[in-house]
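Undergrad: I need the structure of the sequence given here:
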Amino acid sequence: MAGTSPFAGINIGKGLQVGTETLAKQREASREEESVNQRAKQLALTAQTHLDSLTKMTPYQAGQLEQSQSTLKLQKLYENPIDGTTLYMNHSTGKLEKYGPAGQVPITPTDQSTAASKGVQVASADGTNAGIGCHISHHQLILILLLPEGQ
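TA: So this is what the prediction gives:
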């Protein structure tokens with residue numbers, strides 16, 4: 001490589017000067033990139049904090065939810081998309097309740113079967129606890145006919 005000056009010291013000095021300037025520019029670009037990366041990390045942490053506040057419960061909220069569920073009287077078992085009725089288990093009475101768009105509707109044997117398939121033991125309409133029980137375990141379906149005593 002040939003320099004612009006016939007003197008080697010001047011050419012070496014100019015080369016060092018250009019190299020130093022290039023190094024300074026690279027360091028400045030590196031600092032800017034590091035600053036951008038730090039800001040991106042800070043924004044990601046802030047976004048995660050906001051997401052957690054919207055999607056995760058605090059221990060207090062979890063306790064409140066658990067307490068409200070333990071005092072819940074109606075448990076939703078099934079919603080029929082065809083006729084718009086919803087089947088509930090009333091834990092305070094131990095009986096099924098079915099509600100439609102017009103209010104409470106009578107329970108049918110199909111409703112009792114649906115409740116049994118959800119693992120809910122229900123009393124029959126006459127209060128004798130005769131009904132169909134269902135237990136599902138490891139892909140096996142076992143139906144048990146429950147009859148009142150003496151039959």
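
Undergrad: C-alpha from now on. contacts and neighbour counts both.
TA: OK.

Undergrad: Low-confidence regions, the chain specifically.
TA: For the chain, the stretches flagged by pLDDT under 70 are 1-2, 68-72, 122-151.

Undergrad: can you pull out the strands in it?
TA: 74-79, 86-90, 95-100, 103-105, 131-137, 140-146 (DSSP state E).

Undergrad: Which residues are in contact with N80?
TA: T86 (CA atoms under 8 Å, 6 or more residues apart in numbering).

Undergrad: how much space between A102 and A47?
TA: From A102 over to A47 the distance is 46 Å, taken as CA to CA, to the nearest Å.

Undergrad: The two: which has the busier surroundings?
TA: Each of A102 and A47 has its neighbours counted (other CA atoms under 10 Å); A47 has more, 12 against 8.

Undergrad: Would you mind measuring from the more buried one to S117?
TA: Distance from A47 to S117, by CA to CA: 43 Å.

Undergrad: A115 against P109, yeah?
TA: No. Judged on CA atoms under 8 Å, A115 makes no contact with P109 at a distance of 9.8 Å.
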